[in-house]
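*Asks:* The following comprises the amino acid sequence and a computationally predicted model.
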Amino acid sequence: MATRPRQPAVYLLPSARNGTLYVGVTSDLRERITQHKQGSLPGFTAKYQVSVLVWYELHDRMDTAIARETQLKNWRRLWKLQLIEQRNPTWRDLWPELGEG
């Protein structure tokens, strides 16, 4: 069984449409969102059942992904909402488009 190559990513999960936004970074987006959906990650996302992937951005290197995550965490809420709505105006779950790997 071949292993799926890892690719750093930054992602946003809302508590509801226009709700509280969780900004995360990972080296394996599909696996991380699966963990969020299963509630296996302790903290905010498990407590509030935040598991809908509404926005993500892939990076070539983890350091650039971490820098982008830091940038987004410091952004105004309105800017984050606009970022989501540019790509995903209906706030649909993007997790299925990640494929099976």
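*Replies:* Sure, I can see it. Residues are numbered from 1 along each chain as shown.
*Asks:* Isn't residue 62 up against residue 7?
*Replies:* No: using CB atoms under 8 Å, residue 62 is not in contact with residue 7, being 9.5 Å away. Using the backbone N, CA and C atoms, a C-beta is placed for each residue, glycine as well.
*Asks:* what sits in contact with each of the two?
*Replies:* Counting by CB atoms under 8 Å, 6 or more residues apart in numbering, the contacts common to residue 62 and residue 7 are residue 27.
*Asks:* May I ask which helix or strand of the protein has the lowest mean pLDDT?
*Replies:* Within the chain, no helix or strand scores below helix 44-47, which has a mean of 82 by mean pLDDT, DSSP states H and E.
*Asks:* Check which helices and strands the next helix or strand after that one sits against.
*Replies:* On the C-terminal side of helix 44-47, the nearest following helix or strand under DSSP states H and E is strand 55-58. When contacts are defined as 3 or more CB pairs under 8 Å, 6 or more residues apart in numbering; DSSP states H and E, strand 55-58 packs onto strand 9-14, helix 77-87.
*Asks:* now for the first one, which elements pack on it?
*Replies:* Applying 3+ CB pairs under 8 Å, 6+ apart, one finds that strand 9-14 contacts strand 21-26, helix 29-38, strand 55-58, helix 62-74, helix 77-87.
*Asks:* Reformat those as JSON lines; add mean neighbour count.
*Replies:* Rendered in JSON lines, the data for the helices and strands packed on strand 9-14 read as follows (neighbours: other CB atoms under 10 Å):
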{"stretch": "strand 21-26", "mean neighbour count": "20"}
{"stretch": "helix 29-38", "mean neighbour count": "18"}
{"stretch": "strand 55-58", "mean neighbour count": "18"}
{"stretch": "helix 62-74", "mean neighbour count": "15"}
{"stretch": "helix 77-87", "mean neighbour count": "13"}
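*Asks:* Compare those and give me the one nearest residue 95.
*Replies:* Put simply, out of the helices and strands packed on strand 9-14 the one that sits nearest residue 95 is helix 29-38, at 5.1 Å, with distance taken as CB to CB.
*Asks:* I'd like the average pLDDT over that closest one.
*Replies:* Averaged across helix 29-38, the pLDDT comes to 92.
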